[in-house]
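Peer 1: 3D model of this:
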Amino acid sequence: MKRIGIIGVGEIGRAIVMGLCDGGGESPEVFLSPRGARTAAELSERYEGVQVCADNQEVVERSELVIIAVRRPDRHDALDGVRVDGDKVVVNVMAGVGNDDLRQTLATDVPLVRAIPLPAIRERRSVTVVCPSHPEVNSFFEQMGGALPVADEAAFNVFSAVTGTLTAHYWYLATLTSWAVGQGIASDDAEHYVRGLFQGVGRSLSDETRSLHQLAADHETPNGSNERIRTTWFDSANSEALKKALDDLLADLK
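Peer 2: Numbering: from 1, shown residues only. Model prediction:
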């Protein structure tokens, strides 16, 4: 699709625009809503094919694929009076908002597809979960790092819950850095080392010939430091607490 509209230009909306326009080759035309005015203006100045529309209805009318990326509490205000018809396709990236809910809000019969694009989509490295599978939406996200269609919204919600652990991972890294600083290491040195350490771990994840459990085992030696931290800190109680938190989040998403 050559005309992409985005309603709600926050972090994910910005990342999608950057992925579309920085990826090389011919970029599509991108139409942005005036919501998130500062970010929308910045992107339109940075990229030739990006335009800010007068309102959300204009975004819809000028686009073939419409991405709705507003926050869940803002959706009724943002979409009030917006009409979507014809041969449009709508991609719903609002966390916790099902397609039935969105279809009722928009009062439309056009195809609706939920998706979970991640910030790495700006570098075309985000595997995006989509539901239901739709050929044009799948193709759009394939060029942005990959599409993972799932059968139903129950499965989609599981992936959405897993996505909710992202900032916990960053906080874990920040805690490691703070601990090192408390032991007398300079803050810049501690953060530089922790970032490098886990960037290396991240690269190892591209080796899909080994399961995650196998990767963990390959990084351990019997009675070694890694095994010690895993078995004394990330023990069965810690693991069950994480699963319970995910269960509770999944219940809310349903």
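Peer 1: Leaving out chain neighbours, which residue sits closest to residue 20?
Peer 2: Counting by C-beta to C-beta, 6 or more residues apart in numbering, residue 27 is the residue found nearest to residue 20 once chain neighbours are left out, at 5.7 Å. In short, each C-beta sits where N, CA and C put it, glycine included.
Peer 1: What is the burial count for the spatially closest residue to residue 111 that is not a sequence neighbour?
Peer 2: For residue 111, ignoring the flanking residues on the chain, the nearest one in space by C-beta to C-beta, 6+ apart is residue 89 at 5.0 Å. Residue 89 has 20 neighbouring residues, counting by other C-beta atoms under 10 Å.
Peer 1: And residue 89, how far from residue 55?
Peer 2: Distance, residue 89 to residue 55, using C-beta to C-beta, to the nearest Å: 20 Å.
Peer 1: Leaving out chain neighbours, which residue sits closest to residue 112?
Peer 2: Using C-beta to C-beta, 6+ apart, the nearest residue to residue 112 is residue 99, at 4.5 Å.
Peer 1: how about that neighbour, what does it touch?
Peer 2: When contacts are counted by C-beta atoms under 8 Å, 6 or more residues apart in numbering, residue 99 touches 92, 112, 113, 114, 131, 153.
Peer 1: cool, residue 12 as well?
Peer 2: Neighbouring residues of residue 12 by C-beta under 8 Å, 6+ apart: 69, 93, 117, 119, 121.
Peer 1: give me that answer again for 7 Å
Peer 2: By C-beta atoms under 7 Å, 6 or more residues apart in numbering, the contact set of residue 12 is 69, 93, 117.
Peer 1: List the contacts of the second one.
Peer 2: What it means is residue 93. So residue 93 contacts 12, 67, 68, 69, 115, 117 (C-beta under 7 Å, 6+ apart).
Peer 1: now swap in residue 248 and tell me
Peer 2: So residue 248 contacts nothing (C-beta under 7 Å, 6+ apart).
Peer 1: Need the three-state assignment for it.
Peer 2: Counting by DSSP: H, G, I helix; E, B strand; the rest coil, the backbone at residue 248 sits in helix.
Peer 1: which one is residue 41 nearest to, not counting chain neighbours?
Peer 2: Nearest residue to residue 41 in three dimensions, chain neighbours excluded: residue 52, at 6.3 Å (C-beta to C-beta, 6+ apart).
Peer 1: Kindly report the same for residue 246.
Peer 2: Using C-beta to C-beta, 6+ apart, the nearest residue to residue 246 is residue 161, at 5.2 Å.
Peer 1: quick one: the strands in the chain?
Peer 2: Applying DSSP state E to the chain gives strands spanning 3-7, 29-32, 50-52, 65-68, 89-92, 112-116, 128-131, 147-149.
Peer 1: Just put the ones you listed in JSON lines and tack on distance to residue 59 and mean pLDDT.
Peer 2: Shown next, in JSON lines, are the strands of the chain (distance: least, C-beta to C-beta, whole Å; pLDDT from 0 to 100):
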{"stretch": "strand 3-7", "distance to residue 59": "4", "mean pLDDT": "95"}
{"stretch": "strand 29-32", "distance to residue 59": "5", "mean pLDDT": "95"}
{"stretch": "strand 50-52", "distance to residue 59": "9", "mean pLDDT": "94"}
{"stretch": "strand 65-68", "distance to residue 59": "7", "mean pLDDT": "96"}
{"stretch": "strand 89-92", "distance to residue 59": "11", "mean pLDDT": "97"}
{"stretch": "strand 112-116", "distance to residue 59": "16", "mean pLDDT": "97"}
{"stretch": "strand 128-131", "distance to residue 59": "21", "mean pLDDT": "97"}
{"stretch": "strand 147-149", "distance to residue 59": "23", "mean pLDDT": "97"}
